[in-house]
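Participant: After the sequence you'll find the predicted model.
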Amino acid sequence: MIRSMTGFASAQGQHGPHSWTWELRSVNGKGLDMRLRVPDWLTGLEAALRAKLSKSLSRGNVTLSMRLNREDSAPELALNETAMNAALTALEQAEQMASARGITLAPSRASDLLALKGMLDAGSDSDDPGPLVAHLTAEFDALVDAFLDMRRTEGAALAAVLKTQLDQVATLTAKAAELAEHRRDNMAQALRENLARVLDNSQGADPERVAQELALIAVKADITEEIDRLTAHVKAARDLLGKNSAVGRKLDFLMQEFNREANTLCSKAQSSDLTAVGLELKAVIDQMREQVQNVE
């Protein structure tokens with residue numbers, strides 16, 4: 001089943017103090033153009049996500065946006081043993097000096113010592129982004145799956161529209177063939193009358209040469225090949241719609257071939273009814289081409 005190049009998916013997640021929201025969207029494009037906006041300090045994340053997308057997609061302008069937040073928590077405090085030892089030594093010396101002078105100092109409290117500058121160090125979390133990058137990379141698979149599901153759903157809708165339009169092309173092609181068959185006898189009679197008129201009003205004209213020229217006109221007006229090609233193109237397009245792969249480029253090329261045959265049919269019509277069918281064919285083909293622009 002074909003997939004559309006239009007898609008969207010979003011997800012949220014959390015790992016430790018980090019929480020995030022990301023959105024993955026795409027629109028049609030000639031090739032695969034990926035734009036990823038993720039935090040630079042998450043080393044290796046962008047490359048990992050880009051590799052996953054490259055394996056899953058072949059065409060489209062794809063944009064990934066990520067908003068990452070960190071929940072700040074109270075830092076852990078650790079005792080600076082060096083500073084505490086220095087403070088206790090100084091306190092001991094102070095008590096000895098005071099005692100030698102007959103001075104009694106008030107008992108010291110632990111809170112007084114801990115309040116001294118540099119006595120407590122605030123612990124810091126690890127700066128290694130590796131665990132978070134690994135978690136985000138694993139979580140990304142679910143986002144891509146949801147994204148691809150939407151592209152498949154959109155693709156199914158596209159396929160339904162294209163099949164209906166191909167049915168219209170097939171019906172119009174058959175109608176053109178029928179009109180061309182009816183036109184054949186009229187053209188033959190007209191050519192015979194023209195040949196007689198030319199021969200009656202010409203002096204020294206070569207009858208065989210005149211007949212050849214009129215026969216050439218008849219050949220140029222024949223649309224059998226155009227009818228056959230249009231029929232073949234309809235079959236080829238239906239076959240492509242049934243494939244489980246990226247067929248957008250092939251369908252786009254096929255639309256050009258459809259348009260070429262319709263143009264030629266109109267130029268050879270020599271009949272108002274056949275011209276009307278040819279113009280209707282061109283209109284349906286233009287509609288198909290617009291839809292094909294969204295096929296991956």
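Facilitator: Received, thanks. None of these values were measured; they are calculated from a predicted model. Numbering: from 1, shown residues only.
Participant: Can you tell me what sits against the helix or strand containing residue 236?
Facilitator: Secondary structure assignment for residue 236, by DSSP states H and E: helix 224-241. Residues external to helix 224-241 that are found in contact with it (CB atoms under 8 Å, 6 or more residues apart in numbering): 2, 159, 162-163, 166, 169-170, 173, 176-177, 180, 247, 250-251, 254, 257-258, 261-262, 264-265, 268, 281. Where C-beta positions appear, they are placed from N, C-alpha and C, glycine not excepted.
Participant: Buried ones among these?
Facilitator: Buried subset of those (neighbour count, 16 or more other CB atoms under 10 Å): 2, 159, 162, 166, 169-170, 173, 176-177, 180, 247, 250-251, 254, 257-258, 261-262, 264-265, 268, 281.
Participant: Among those, which ones are in helices?
Facilitator: Of the positions in the buried ones among the contacts of helix 224-241, 159, 162, 166, 169-170, 173, 176-177, 180, 250-251, 254, 257-258, 261-262, 264-265, 268, 281 sit in helices, assigned by DSSP state H.
Participant: Now for residue 137, how many residues are close by?
Facilitator: By other CB atoms under 10 Å, 17 other residues sit near residue 137.
Participant: How about residue 86?
Facilitator: By other CB under 10 Å, the burial measure for residue 86, its neighbour count, is 14.
Participant: now swap in residue 37 and tell me
Facilitator: Residue 37: 12 surrounding residues under other CB under 10 Å.
Participant: mind showing which ranges of the chain have poor pLDDT?
Facilitator: Within the chain, the stretches with pLDDT under 70 are 72-77, 121-127, 184-221.
Participant: can you give me the strands in this protein?
Facilitator: Listed in chain order, the strands of the chain (DSSP state E) span 7-15, 18-27, 32-37, 60-70, 77-79, 120-122.
Participant: TSV for those, including distance to residue 228?
Facilitator: Output for these, formatted as TSV (distance: least, CB to CB, whole Å):
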stretch	distance to residue 228
strand 7-15	38
strand 18-27	37
strand 32-37	36
strand 60-70	35
strand 77-79	86
strand 120-122	82
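Participant: which one of those strands lies closest to residue 274?
Facilitator: Taking CB to CB, strand 18-27 is the member of those nearest to residue 274, at 39.2 Å.
Participant: Sheet partners, orientation included, of that closest one?
Facilitator: The strands that strand 18-27 pairs with in its sheet are strand 7-15 (antiparallel), strand 60-70 (antiparallel) (by DSSP bridges).
Participant: Extract the CA atoms of it and return them as PDB.
Facilitator: Extracted C-alpha coordinates of strand 18-27, given in PDB (Å, rounded to 0.1, in the frame of the first residue of the first chain):
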ATOM      1  CA  HIS A  18      14.300  15.200  32.500                       C
ATOM      2  CA  SER A  19      10.900  15.400  30.700                       C
ATOM      3  CA  TRP A  20      10.400  16.100  27.000                       C
ATOM      4  CA  THR A  21       7.800  16.600  24.200                       C
ATOM      5  CA  TRP A  22       8.600  16.000  20.600                       C
ATOM      6  CA  GLU A  23       6.800  16.400  17.300                       C
ATOM      7  CA  LEU A  24       7.500  14.700  14.000                       C
ATOM      8  CA  ARG A  25       5.900  16.100  10.900                       C
ATOM      9  CA  SER A  26       6.400  16.000   7.100                       C
ATOM     10  CA  VAL A  27       5.100  17.400   3.900                       C
END
